[in-house]
Every structure is written in structure tokens, then in C-alpha cells.
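> Take a look and give me a structure for this.
(chains A and B)
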Amino acid sequence: MKKKPLQVLVVEDNAGDVRLLREMFSGEKVGSFEITHLLRMSEAEAHLAKGEVDITLLDMGLPDGHGLETVRRARAAAPNIPLIILTGLDDEALAAEAMTQGAQDYMIKGQIESRALPRALRHAIDRHRMQTETDLIRTHQMEFKDEFLSHVSHELRSPLTAVRQFVSILLDGLAGDLNPEQRQYLEIVLRNVKQLHSMINDLFEVSGVQAGKLKIELQCTLVSDAIAYTVNTLQGAAAAKGIVLSSDIARNVPSVCADPARVRQILVILVDNAIKFTPQNGTVTIQARIFEEDPDFLLLKVTDSGCGIDPEMTERIFERLFQASDPDAADHNGLGLGLYICKDLVTRQGGKIWAKSELGQGSIFSVTFPIFSLPKLLAPAFSEERQAECPITIVLTEIGSQTGWLSNEVRAEQCRGIRELLRESLYSDLDILLPKMDSAGPAELFLMLAMTDGIGGEAICKRIRRQLDGSDRLRQAGLTHSTSYRPLKTIKRNSTESKEEFLERVATDIQELMNVEISARQASNG
Amino acid sequence: MDSRKILIVDDNADIRLGMHLRLKANQYETFFAADALSGVTEAQKHRPDLIILDLGLPAGDGFTVMERLKQIPLLAAIPIIVVSARNGLSNQKRAHEAGARAFLQKPVNDAELLAVIRQALGEPAGTKKPTPYDQGSV
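So this is what the prediction gives:
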């Protein structure tokens, strides 16, 4: 059977270069390559979208596209088609960077040996195919493992439920009075059941870490809340060992850009570890202050007077399944997953985590989080040229549950769900949801920033209402929404203003609006 | 006032008994079903004020139960609390979409379960009923 010719797309605006490239294929058997030549990126995108190309040769300097942007556009138009970059000598570094963006290879113009080009193309296609297959296998394995872990944790949870229920029933005296000794032993059972429960959760979390699936929702977060929560949760465990658990928060620490639930989770893991590895009557302290080495970050430190860690091990402890081999640590039960989960969570929120310790001298665990900056958060929205001149409109949407009685945990999950729902219901390229600004009793407030493209603020409000009204999923989830007919504010960019200045101004305005809204709510609630 | 009636649909007999003991102590009357089919028939028979529903059940699953109940006008409005060992947001979302009032993951602590029941039944939070010892999370 006759093989189909390989379809090669050459995107290059220099006619001379194209002629040279064509000559390089002249030695090949007729019908083995078919070359399509286009001059502009936009034409290439349209052509790639048809799905008829086997490989693309791309120049990074085109009349309507430059540098890495062309690579991104080509990848976006056809993510599964291998890409080779054509480059001049002067921007080889850029071409190497393009490889990290998904290009298979790069070739320097003027240095391409004619017989080598067709071979390089075939190799790139083969490599790409193998890569795709490996990825596919890995995905299947991952899915299998996730399914397995999900199954195991499900099967473990049911019997654990019964154990927990009955211990709690006994402790509450529903089956008769307990003597102090019986009560003490049942409390031990309950403590261990909770430990098992937390291990099962870790197992499940860790499958999420490996699949990169732990949900993180960045927003303006007060670390002092997370610290108070942690101290509250673990005060009992510390007191049981006579350990003094305290916090020391510098005055006026700024908010961070992080997921509050994840910050709590990280702190609980670190402080729980510190308590485990600190002997009777020791101390554990949580500190928060601006990171001196980089003032764009906040530093959280958990210091203990515990057994310490061999300094050579301070990096390895963040590895998966790492366990201290200290025989005295027999009661330090756990799966060795906590710090591994911590590291993943911290890194994905843009921070760093490290430990300093000496054996017998206690340990210091440090975590950094980026300080919250509204202008930084907004910046991606202003990168499109289209939006340079358009006014932006700020809209307030309030989402509540019809029954208004969800527990805090369920509410936190619900809140994520709402956010996803809102995103789905809106035109994602036009609207941005800002972080939840406040919880107003049973309702959650969302500020929405809309790029109006000149259609006017009220029209935007109406559109948002219409879209949310039409969302079956909101209704089915038992949620109600209200968006006022008038926008909170419309802001226009001055011609003299730089993008950065404009962002600052928008951020200040939003901050003011938030403060006004929040205090209005507080006044009406309280 | 008569005590409110709660139907417990769970295939694990121990969990049914545990819930029964806890609910009885809080002055609720309980009925049981161990599979999806009897979940629906028991609901028709007793017309409970609330249903506690597991998702993994023989002869269908919790979602089938919710679907069937919705089609029966007399039972469609009974609040349902899903208590399941199944993981994840997707089950939670699906349960809410199917009309569940709340989704609690096993092992559930009794204090939270009771709070959710009270809210679903519109009982004031301060109702003087015994507070379970086991309230904390893990």
C-alpha cells in the first residue's frame, strides 16, 4: 500500500528561507513529503485547526506573532501536532525556552544540513508519538491507582463509621453509666479511631497530590485566622503532654494570597508533628512575620523544643513515605505523608517550605506565602490588547443557600462549587470572579469584575442575572443568587496612565468598595 | 408533639443500629431499609419526616432512591441527608443536584449529623437535646 505523504506546515515569512527549506526535501522520494507554506501566524492557526498537518516548522518572528507567543499559539491551535522551531543564531536561548513550552526541537537557520532535515522531521514525529503513548499509559495507571485508593478508602470508612458511632454512644452513656476507667479506655479508642480516619484521609489526599489534583483556591487570606484555628484544634493534644502551645504574630501582618483551608491544613500538620516529636513539658510556637529576605512574602515559623532532626535529613523529610527511624518514636504514628502533602500545597501556592534542626535541639519549620496584592491578581485580566481601552465594570453578586444551614465544612466545599458554577455560567473570557470577599451569614458575596467591551455596566448586570437565572445547576444545588441591576462602579483607563498605574487604581477602588460592602453587611447583621 | 420520624437507608446493619440508638436518644422515631428498593417502599409505608440515605446500596443506589422518591408526589418533598463513604466533590455535587439537603462523609460525627437533621427539620439549633461527646473532627 502506498504511504501517505507527511504533511509539513512551514510558517515562515522569509521567502529565501522557504526556498532553502524546499530544496532540502528535493533529495527525498517523490510523494514522501508535502509542504504547505504560510506567511502569517493567523493563517497557520486556521490551517492547524483543520487537523491535516503532521508536523509544523515554525519561525518565531512573523508579521503577526513574535517569540514564545507564536509557540503558545501553535500549541493551542493543535496541541497534538509536533512542532520544530526555526531560529536565527541570535536567539538560540529563546528557541531552547520554546522546547519547555512544548516544541520538539529547534533548528538554527543556515546551519541545517540538507539531508538532516527530513530525518529530523521523522524523528520528531516518532518522538512525539512515543511521548503521547507514554503519557496515555501514565494517565491510565494514574486512573487505576486513583480508583483503587478511592475504593480502599471507601471500604475502610464504613467499618470505621460503625466503630466511631458505638464508641461515641458508649461515651455518652446511652448504654448505661461508665466508670472512670471504662471512660478513659473508650477515650483512647476514640482517639485512635480519629487517627485512623486521618490516615485514610491522608491516603486519599496523597493520591490527589500525585495526580496534581488537590484543589487550591487562592484568595485574600488572614494567617492569624489559620493560626487561631490551629492553636484551638491542637491545644488539647499539647496540654495532654504538658506542652505550651503559643503563637506570636507580628503587628499588622498583611494578608496572604493563599487558600485558607490549605493554610490551616499545612499549619495543623506542622504543629501536630511538632507536638508529636516534643517531649513532656516542652514548647511549640507559631510565629508570623514579613519574610526579611523577600518582603513580598510572609513567613510562618513553627518552632519546637523537641528531639530535632539530623541536619542531613532536613530535605528528605519532605519525601513521600519518609518516617523518622528513631526507635523512641514508636508512638509517632502516621503514614509519613504529612510533610509531603505540605510541600506540595505550599509550592502550589507559590511559597516555600524548609526545615532547620539539630538532633536534640528542636526544629524550626518555615513556610512562606506570597503577600496578597490585588493589582497582581488582576494583572492577567489586562494582558489582552483588546482590554486596553475598554472600561471595566465591578458587579456584586450574592449567592446564598435556600436553606442556609450548611455546616462550615460543607459551606467551604459549596463555595468552591459555586465559584465553578459561576465560571461556567459566565463568559469566561469577559468576566473575572474575584475571591470571596466576605461571608454574610448564610450568603457568600462575590465581586465580579467585567470587561465591558463598551456595552455598558447595566447591560453587564442584566446579562449576569440572565445567565445565573438560566443556570439549572445553581437551582438544583439549592442556591439562590442576586445581582443588583446597577454596577457598583465603572472605571475607565486614562490615556496618560500606564497599565501598572491603572491596575493600582482599580485595586484601590475595589478595596474601598469591599470595605464599604463589608461594613454595610456587618451593620445590617449586627 | 409526636416525635419526628426518620428513615435510615443503609446496607450496613451496625451503622443502622448505631444511628437508631443515637436518634432514639434524641427523641426521634426510626425506620429502616437495607437496600434501594425497600428504601422507597419503607418511605411509602411510613411517610418519614426525613431520610438518611447511604449511596452505595444493593438493588440500585442512593441516587436511584432519590430519583424514585421525586416521582412520588407525597414523598417528593421529604428532606434527604446523604451520609456516604464515597469520596469527592463529584458525588457531593450529584447528591445536591438530585435534591439532597446535605452530604456528610463517613465516618460522620454524631454532633454534626444531629445538627444537620435539626436544621433540615426546621428545629431551632438550641433545642435541648443531649450533645454527643464526639464532636471534633479528626
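> tell me the mean pLDDT over stretch B:25-44?
Stretch B:25-44 carries an average pLDDT of 94.
> My error: substitute stretch A:190-205 in the last question.
79.
> Please identify the buried residues of that stretch?
Neighbour counts over stretch A:190-205 (16 or more other CB atoms under 10 Å in any protein chain shown) mark A:190, A:193-194, A:196-205 as buried. The C-beta positions use only the backbone N, C-alpha and C, and glycine is treated the same way.
> For residue A:507, give me its contacts.
A:373, A:374, A:375, A:378 (CB atoms under 8 Å, 6 or more residues apart in numbering or on different chains).
> At the geometric centre of the chain, which residue sits there?
With no chain named, the answer covers chain A. Nearest to the geometric centre of chain A sits residue A:216, at 4.6 Å (CA atoms, centre = their mean).
> um, chain B though
residue B:52 (1.0 Å).
> so where is the stretch 301-450 of chain A shaky, pLDDT-wise?
For the stretch 301-450 of chain A, applying pLDDT under 70 flags the ranges A:320-336, A:380-390, A:401-421, A:423-431, A:434-445, A:447, A:450.
> Where does pLDDT dip in chain B?
Using pLDDT under 70, the flagged stretches of chain B are B:1, B:87-89, B:125-138.
> Let me see the ranges of the helices in it.
Under the criterion DSSP state H, chain B contains helices at B:13-25, B:36-46, B:62-71, B:88-97, B:110-120.
> Tell me which of those helices sits nearest to residue A:33.
With distances scored as CB to CB, the stretch of these nearest to residue A:33 is helix B:88-97 (46.6 Å).
> Buried ones in that closest one, by neighbour count?
Buried, per 16+ other CB under 10 Å, within helix B:88-97: B:91, B:92, B:93, B:94, B:95, B:96, B:97.
> filter these down to the ones near chain A?
Restricting the buried residues of helix B:88-97 to those touching chain A (CB under 8 Å from any CB of the partner chain) yields B:92, B:93, B:96, B:97.
> on that earlier part again, so which of the buried residues of stretch A:190-205 are also by chain B?
A:190, A:193, A:194, A:197, A:198, A:201, A:204.
> Which one of those is nearest to residue A:64?
residue A:204 (47.7 Å).
> before we move on, back to that, closest one to residue A:137 among the helices of chain B?
Of all the helices of chain B, helix B:88-97 comes closest under CB to CB, at 24.2 Å.
> tell me what that closest one is packed against?
Judged by 3 or more CB pairs under 8 Å, 6 or more residues apart in numbering or on different chains; DSSP states H and E, helix B:88-97 is in contact with helix A:408-425, helix A:472-476, helix B:62-71, strand B:80-84, strand B:102-105.
> Tally up the residues packed near the nearest residue to residue B:108 once chain neighbours are set aside, please.
In this structure, residue B:108 finds its nearest non-sequential neighbour in residue B:83, 5.5 Å apart by CB to CB, 6 or more residues apart in numbering or on different chains. A count of nearby residues for residue B:83, using other CB atoms under 10 Å in any protein chain shown, gives 25.
> Okay, and whichever residue of the stretch 1-150 of chain A sits closest to chain B sits in which element?
Nearest to chain B in the stretch 1-150 of chain A, going by CB to the nearest CB, is residue A:150, at a distance of 5.3 Å. Assigned by DSSP states H and E, residue A:150 belongs to helix A:116-171.
> Kindly calculate the angle that that helix makes with strand B:80-84.
Counting by axes from the mean of the first three to the mean of the last three CA atoms, to 10 degrees, helix A:116-171 lies at 110 degrees to strand B:80-84.
> Quick one: mean pLDDT for helix A:116-171?
On average, helix A:116-171 scores 84.
> ditto for stretch A:237-257
The average pLDDT for stretch A:237-257 rounds to 90.
> now the end-to-end length of that stretch.
Stretch A:237-257 has its terminal residues 30 Å apart, counting by CA to CA, to the nearest Å.
> mind listing what's buried in it?
A:238, A:243, A:245, A:247, A:249, A:253, A:255, A:256, A:257.
> Strands - which of those land there?
Counted as lying in strands by DSSP state E, out of the buried residues of stretch A:237-257, are A:245, A:247, A:249, A:256, A:257.
> quick revisit: for the ones next to chain A among the buried residues of helix B:88-97, work out which two are farthest apart.
Taking CB to CB, no two of those sit farther apart than B:92 and B:97, at 9.7 Å.
> That concludes my questions; thank you for your assistance.
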